[in-house]
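A.B. asks: Structure for the following, please:
(one chain, ligands or ions: 1)
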Amino acid sequence: MPQPIAARLAGKVALVTGAARGIGVAIAERLAAEGAAVAVNYIASEAAAHEVVARIREAGGTAEAIQGDVSKVATAAPLVAETIRRLGRLDILVNNAAISAGIPFDDITEADFDRLVNTNVKSTLFLSQAAAREMPPGSVIINLGSIGTRLANPITLVYVATKAAVEMMTLSMARALGPRGIRVVAVSPGMTDTEMLRSVLSPEVLAEAARRNTLGRMGQVNDIAPVIAFLASADAGWITGETLHVNGGQRG
Ligand SMILES: NC(=O)c1ccc[n+]([C@@H]2O[C@H](COP(=O)([O-])OP(=O)(O)OC[C@H]3O[C@@H](n4cnc5c(N)ncnc54)[C@H](OP(=O)(O)O)[C@@H]3O)[C@@H](O)[C@H]2O)c1
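C.D. replies: Numbers count the residues shown, from 1 in each chain. The predicted structure is shown next:
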């Protein structure tokens, strides 16, 4: 007999990076609602991170806010260690934290490139490496890709290149970690209503994208979080190396 869905992640510990805002909040709250104890990572949004933790605890869940700049390799091992110190173990890593930037081709600088690659790509690799050293067999690493890897957008050129790297690393990391019993998957959201999206695209572009979407609306953070919870669970135990696109049928 299957377990009740509410207990699907009972006994598991998850670390969600960038979980004080946007999609990360929904992921942290959904994993907690399904029974996982959650480390809510943030870099600057301290108050918001503590609000997420308070909401999870009020709902009967377990959560801890943990500060850490994932763009720095030196953060990786201490962030994993602090999660284990406070919550006891680590079974689920969600590499959600990322930055975007809308920069015309001729204006892209080396500093822009380094900032985006460090935050979106380097963090994913080295945090996964540190986590995998501590994770028991049956664990899972979930990376956030993007619909942008299927579309051409000159304004977000570097951002989508970082997300293509993340999706490709997912495939390779799955091969590296499969023998240790660790799955690695990616979820690539379509346009999802968050500060990141609104910072790079105008309200007119967003309204047009929502109108053209196959399901006729803009994606919301709670369209993404349940898919992450599924992939984190044993229900997805035979899925690794895959990138799942979650976008309401976005085609442009
Ligand atoms: N929104 C979309 O349409 C969309 C589409 C495709 C893919 N995605 C992907 O989905 C994920 C979440 O995006 P979002 O829209 O929710 O973004 P968001 O609203 O801008 O939130 C990003 C989060 O990342 C955190 N962060 C940034 N740099 C960090 C660092 N160096 N160390 C630790 N945390 C850091 C931020 O922390 P602070 O709050 O502490 O600053 C923030 O909580 C990203 O991987 C993004 O690429 C989003």
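A.B. asks: Could you list the low-pLDDT ranges of the stretch 1-150 of the chain?
C.D. replies: 1-6 (pLDDT under 70).
A.B. asks: which bits of it sit near the ligand?
C.D. replies: Listed as neighbours of the ligand in the stretch 1-150 of the chain under the rule Cβ under 6 Å from any ligand atom: 17-18, 20-24, 41-45, 69-71, 96-99, 119, 144, 146-147. In this view, the C-beta of every residue, glycine as well, is placed from N, C-alpha and C.
A.B. asks: just checking, next helix/strand downstream of the longest helix belonging to the chain?
C.D. replies: Longest helix in the chain by number of residues (criterion: DSSP state H): helix 157-177. Later in the chain than helix 157-177, the nearest helix or strand by DSSP states H and E is strand 183-189.
A.B. asks: mean confidence for that next one?
C.D. replies: For strand 183-189, mean pLDDT is 98.
A.B. asks: That one vs helix 157-177, what angle?
C.D. replies: Put simply, strand 183-189 runs at 160 degrees to helix 157-177, going by axes from the mean of the first three to the mean of the last three Cα atoms, to 10 degrees.
A.B. asks: Check which helices and strands strand 183-189 is in contact with.
C.D. replies: Packed against strand 183-189, as judged by 3 or more Cβ pairs under 8 Å, 6 or more residues apart in numbering; DSSP states H and E, are the following elements: strand 140-144, helix 157-177, helix 221-232, strand 243-246.
A.B. asks: most packed of the ones you listed?
C.D. replies: By mean neighbour count, with neighbours taken as mean count of other Cβ atoms under 10 Å, strand 140-144 ranks first of these at a mean of 26.
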